[in-house]
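In: Got a predicted structure here, sequence first:
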Amino acid sequence: MPKQTALLIGDLNRFIEKVAVVVTEQVALTLTETTPEDTAHAITNWVPSIGESFEGEAGVYGKSLNSSIQSSGFSTLRGYKLPMGSLYITNNVDYISLLNKGWSAQAPAGFVQLSIITAILSLRGRRFSQ
């Protein structure tokens with residue numbers, strides 16, 4: 001492969017990595033802002049990860065919150081490289097699907113999908129420098 005082509009591919013990969021991280025962070029942040037809050041358990045369980053989805057729950061509903069797993073997920077994103085695999089945002093609380101079906105008056109049905117769209121639209125026009 002010619003040197004110039006390799007440099008171009010490297011630049012393109014770095015650009016894709018940066019955009020992927022920014023989009024993942026924005027979607028995860030928007031989800032934490034729009035998730036109905038009773039105990040904040042569902043909010044702290046939006047966990048970004050690399051390579052595979054997070055399994056388990058952060059904290060115990062009604063007993064303890066654990067935002068360190070979520071924070072760690074956000075920190076891990078900053079070192080993302082394409083060969084590491086896909087990016088994920090996971091929420092494993094057993095009632096998240098009920099919340100997304102409109103179970104809480106604090107958020108409409110489909111708030112997850114609306115949050116994803118809102119997050120992506122909020123990035124329109126943003127310039128991604130290297």
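Out: Now that the structure is in, tell me what you want to look at. Numbers count the residues shown, from 1 in each chain.
In: In contact with the nearest residue to Ser68 once chain neighbours are set aside, which residues are there?
Out: Setting aside the residues directly before and after it, Ser68 is nearest to Ala58 in space (C-beta to C-beta, 6 or more residues apart in numbering), at 7.6 Å. For every residue, glycine as well, the C-beta is placed using N, CA and C. Ala58 is in contact with 44-45, 47, 65-70, counting by C-beta atoms under 8 Å, 6 or more residues apart in numbering.
In: Just the closest of those residues to Ser115, please.
Out: Nearest to Ser115 among the contacts of Ala58 is Asn45, at 14.3 Å by C-beta to C-beta.
In: Asn91 is in contact with that closest one, correct?
Out: Yes: between Asn45 and Asn91 there is a contact at 4.8 Å, judged by C-beta atoms under 8 Å.
In: What's the local residue count around Leu8?
Out: 11 (other C-beta atoms under 10 Å).
In: quick one: it from Ser49, how far?
Out: Here Leu8 is placed at a distance of 30 Å from Ser49 (C-beta to C-beta, to the nearest Å).
In: quick one: the helices in the chain?
Out: With DSSP state H as the criterion, the chain has helices at 3-34, 68-77, 96-100, 111-122.
In: I'd like those helices as a markdown table, with mean pLDDT appended.
Out: Shown next, in a markdown table, are the helices of the chain (pLDDT from 0 to 100):
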| stretch | mean pLDDT |
| --- | --- |
| helix 3-34 | 95 |
| helix 68-77 | 94 |
| helix 96-100 | 97 |
| helix 111-122 | 97 |
